[in-house]
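J.: 3D, please:
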Amino acid sequence: MAGKRGAALLVAVPAAALAALTTQAWATGHANDVLSHGTTSVTGTEAMPAVIGLTIVAVAALVALMTGGRAIRVVSAVLLVAAALGALALVLLVALRPEQVVADAVARELARTTAPAATGTSTVIVWVAVAVAVLLAAGAVLAAARSRGWAGLGSRYERDTRPTRGPRGETRGAWDELSEGRDPTVGEDEETPG
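T.: I've put the predicted structure just below:
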């Protein structure tokens, strides 16, 4: 896939999938606490709420990357890659430390300041989320690399800031054009039928 559309798919699809996966259980386990009974299941949003935030930042940076000028594209590319790599790091933290995730969830549930000892295992879903986050990071790096050759939206979306001059040198505005039956939103070479 080449161009902006391909790059958008390489980032947007994994971002949407990762956001959906945060609603599923990423870790399950038991806490060694008298007040905690049964199995504790922790979703991605509960375990690491920043993942969804970084995913949204990545998508916003992608939009800016695709529509902005040169300076905006540079900043957006850095932000896109940083957000994607940050999301990957946070998902990996959950996958590699399920005991801590379960203990922290139980501590929040019991309104304790210290986490109890707990056992925990990572679910298959969190490993799927790791794979999706890797795809997101790879797509972000590829989009950032390809964006060097992209142009912004183009001059047709930019407002001409120079005032129009009339035959005697006076400044003319959109209201003057409308008064004379011309549409100021149409280019100079296109006249509205009148």
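
J.: need the helices for this structure, in chain order.
T.: Using DSSP state H, the helices of the chain run over 3-21, 44-47, 50-67, 70-96, 98-109, 124-146, 174-179.

J.: who wins for proximity to residue 29 among those helices?
T.: Among the helices of the chain, the nearest to residue 29 by Cβ to Cβ is helix 98-109 (3.7 Å). Backbone N, C-alpha and C define where each C-beta goes, glycine included.

J.: could the helices of the chain go into CSV alongside mean neighbour count, distance to residue 30 and mean pLDDT?
T.: Converted to CSV, the helices of the chain look like this (neighbours: other Cβ atoms under 10 Å; distance: least, Cβ to Cβ, whole Å; pLDDT from 0 to 100):
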stretch, mean neighbour count, distance to residue 30, mean pLDDT
helix 3-21, 18, 24, 92
helix 44-47, 22, 16, 92
helix 50-67, 20, 24, 93
helix 70-96, 19, 17, 94
helix 98-109, 21, 7, 83
helix 124-146, 20, 18, 95
helix 174-179, 12, 69, 73
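
J.: In a markdown table: those helices, plus distance to residue 29.
T.: Formatted as a markdown table, these follow (distance: least, Cβ to Cβ, whole Å):
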| stretch | distance to residue 29 |
| --- | --- |
| helix 3-21 | 19 |
| helix 44-47 | 12 |
| helix 50-67 | 20 |
| helix 70-96 | 12 |
| helix 98-109 | 4 |
| helix 124-146 | 13 |
| helix 174-179 | 65 |
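
J.: Could you point out which of those helices sits nearest residue 32?
T.: Between residue 32 and the helices of the chain, the shortest gap by Cβ to Cβ is with helix 98-109, which sits at 9.1 Å.

J.: Just the C-alphas of the closest one, formatted as CSV.
T.: Provided in CSV are the C-alpha atoms of helix 98-109 (Å, rounded to 0.1, in the frame of the first residue of the first chain):
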residue,chain,number,x,y,z
PRO,A,98,0.0,-10.0,35.6
GLU,A,99,0.5,-10.6,39.4
GLN,A,100,1.1,-6.8,40.0
VAL,A,101,-1.9,-6.0,37.8
VAL,A,102,-4.2,-8.2,39.8
ALA,A,103,-2.8,-7.0,43.1
ASP,A,104,-3.3,-3.3,42.1
ALA,A,105,-6.8,-4.0,40.9
VAL,A,106,-7.7,-5.6,44.2
ALA,A,107,-6.1,-2.7,46.1
ARG,A,108,-8.3,-0.3,44.2
GLU,A,109,-11.4,-2.4,44.8
